[in-house]
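In: Quick check, what structure comes out for this input:
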Amino acid sequence: GYFKVPFIAIENTLKAISTSISNSGFPFSKVNLSGISIKNKNTLQARLNVVNNKNQRALDAIVIKGYKKFPKAYIKRYLKIAPEQTFNITSLTAKMKALNNLRFAEQVKSPEVLFTKDSTIAYVYLKKKQSNYFDGFLGFSTNSSTNKLDFNGYLNLQLNNNLNYGETFSLLYKNDELEQKNFEARVNLPYLFNTPLGTELSLEIFKRDSTFTSTQQKASLFYQINAKHTLYLGVEGIASNNLLDNAATSNIKNYTSNRYSLKYGFENREDFDVMLQLKSRAFIGVSTGTRETTSNSEKQSEFVIEAFNAFKLNKRNQIYSRVEAKALFSSTYLENELYRFGGINSIRGFQENSLLANNYVVLNSEYRYFLSSSLYAHTIIDFANFKNNTTNTSQNLYGFGIGFATKTKAGLLKFIFANGKTSAQPFKFSNSKIHLSLVTVF
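Out: Coordinates of the predicted model:
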């Protein structure tokens, strides 16, 4: 057989053939042309010669240099590199790019391969990165009743890979001016017993003044499809207690809820930098189950989505957009099962967790202008719509403001000045909120 190649493409064609043969496990193959002759005035003809060694090479071992305690399961499960595969240097180099999406390790240089008479060994050069994360903010505004300053804030601590297992432990504590306290602990353990499956467990406790408390527990098994995509299958349980004396006349009731959930997660991580830790993220979840009170039982289902992306227009200009939506589908609703939203991590210009809804959607947007590699200023334009069937309320909300973020020795310091208004109320400067946030990586 034969094939035709334009004269100008001969060199690239030979390189492509050589690479293809090399990636089939014959890295020392040779490709050349012989017997070159003139076929006609527009065509040359030649014989294509392929010479390779008789033994096909397989990858016998992977050696980690630099970060010797790098979790071994990540080589096989996350990077999908395993010994005894047909040796393919192109595939090996491409798979190593998945490290760009890993929080706790990075590649120092390209992998190298040692060929001996009887073995093929790949050397991978890594180093451990600082990836523990601390996030906190302080917010303050004027109380419309007392004309005094109200303070609120939260602490979010995330510990990553401190045991060199790839594990994550996070702790969240939030206290706001509405006397609401929220505590949440979560642990994520990937690749249990060197299998493709991992587990995630969480506990959340919420208390609103002397009105009610709620405890939520979640347990999930997850499968990481690749470096960016993960599927979760889990169970969720909620128990809420009414603390009021006049419980009979209140829409706050004791209840328990049990659900089964299916979730999908996507993360696209830039080279880890405190100014932009994630370029994009998406999380979609559905769950279904039953809510039990002392008087009845109801079927319920839930839909949750959170997604954001940072669009880099050029070195100095960037657009950030985010959407968050939650919907609880039920025949009736209790006040103590409603979603709580509003504040710096939701629609800005409103008090933290001051808004109650059985379904809502929040759209956040920022135009960011980078004054330097460590400082950017940004606008704030937020929109939200929510429905609260317990009070027959449906409203549009708007948030406007400005802010800046600067990289300091302590971490990323954020300042936000925002004003929130509803579709029914006029703009009031006294409703403005100031939020300070500090993100530290250690």
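In: from here on, contacts and neighbour counts on C-alpha atoms
Out: Fine.
In: what's the nearest residue to residue 261 once chain neighbours are set aside sitting at in phi/psi?
Out: In space, and not counting its chain neighbours, residue 261 is closest to residue 287: 4.1 Å by CA to CA, 6 or more residues apart in numbering. Dihedral pair for residue 287: phi -150, psi 160, per degrees, to the nearest 10.
In: Check whether residue 424 sits in a helix, strand or coil.
Out: Following DSSP: H, G, I helix; E, B strand; the rest coil, residue 424 is assigned to coil.
In: Just the pLDDT at it, thanks.
Out: Residue 424 carries a pLDDT value of 75.
In: and the nearest residue to residue 351 once chain neighbours are set aside, what is it in contact with?
Out: Once flanking residues are discounted, residue 351 sits nearest to residue 343: 5.3 Å by CA to CA, 6+ apart. Going by CA atoms under 8 Å, 6 or more residues apart in numbering, residue 343 touches 349, 350, 351, 352, 353.
In: Please identify which two of these are farthest apart in space.
Out: 349 and 353 (11.6 Å; CA to CA).
In: Give the residues shared as contacts by those two.
Out: Common contact partners of residue 349 and residue 353 (CA under 8 Å, 6+ apart): 342, 343.
In: between those two, who's got more neighbours?
Out: Under the neighbour definition other CA atoms under 10 Å, residue 349 and residue 353 were set side by side, and residue 349 has more, 28 against 21.
In: Please, where are all the helices along the stretch 151-300 of the chain?
Out: Taking DSSP state H, counting those that start in this stretch, the stretch 151-300 of the chain contains no helices at all.
In: So, low pLDDT: which residues of it?
Out: 151-152, 177, 246-249, 270-277 (pLDDT under 70).
In: mind listing the strands for it?
Out: 168-175, 180-189, 197-208, 212-224, 229-242, 255-268, 280-292, 297-312 (DSSP state E, counting those that start in this stretch).
In: which other residues reach the longest one?
Out: Right, strand 297-312. 279-292, 318-331.
In: Quick one: work out the angle between it and strand 280-292.
Out: 170 degrees (axes from the mean of the first three to the mean of the last three CA atoms, to 10 degrees).
In: again, but for the shortest one
Out: Using the same axes, to 10 degrees, the interaxial angle of strand 168-175 with respect to strand 280-292 works out to 70 degrees.
In: which helices and strands does strand 168-175 pack with?
Out: In terms of contacts (3 or more CA pairs under 8 Å, 6 or more residues apart in numbering; DSSP states H and E), strand 168-175 is packed against strand 149-160, strand 180-189.
In: Go ahead and name everything in contact with the last one.
Out: Taking CA under 8 Å, 6+ apart as the criterion, the residues outside strand 180-189 that touch it are 165-175, 198-209.
In: among these, which ones are buried?
Out: For the contacts of strand 180-189, a neighbour count by 16 or more other CA atoms under 10 Å gives the buried set as 165-175, 198-208.
In: how about the longest helix anywhere in the chain: buried residues?
Out: Criterion DSSP state H: the longest helix present in the chain is helix 10-22. In terms of neighbour count (16+ other CA under 10 Å), helix 10-22 has its buried residues at 14, 18, 19, 21, 22.
In: what's that helix in contact with?
Out: 5, 27, 28, 29, 30, 31, 32, 88.
In: tell me the mean pLDDT for that helix?
Out: Mean predicted confidence for helix 10-22 is 82.
In: tell me the contacts of the most centrally placed residue in the chain?
Out: The structure's the chain has its C-alpha centroid closest to residue 267; by CA atoms, centre = their mean the separation is 4.2 Å. With contact set as CA under 8 Å, 6+ apart, residue 267 has these partners: 101, 228, 229, 278, 280, 281, 282.
In: Could you save these as a markdown table and add columns showing distance to residue 357 and neighbour count?
Out: Formatted as a markdown table, the contacts of residue 267 follow (distance: CA to CA, whole Å; neighbours: other CA atoms under 10 Å):
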| residue | distance to residue 357 | neighbour count |
| --- | --- | --- |
| 101 | 35 | 18 |
| 228 | 32 | 16 |
| 229 | 30 | 14 |
| 278 | 29 | 19 |
| 280 | 27 | 19 |
| 281 | 24 | 17 |
| 282 | 22 | 18 |
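In: can you list contacts of stretch 396-403?
Out: 347-350, 377-386, 414-423.
In: make it 7 Å
Out: The contact list for stretch 396-403 (CA atoms under 7 Å, 6 or more residues apart in numbering) reads 347-349, 377-386, 415-423.
In: now do stretch 373-380
Out: Here stretch 373-380 makes contact (CA under 7 Å, 6+ apart) with 365-370, 400-407.
In: Who wins on neighbours among those residues?
Out: Neighbour tally across these (other CA under 10 Å): the maximum, 23 neighbours, falls on residue 368.
In: Test my guess that that residue contacts residue 314.
Out: No - using CA atoms under 7 Å as the test, residue 368 is too far from residue 314 to be in contact (10.9 Å).
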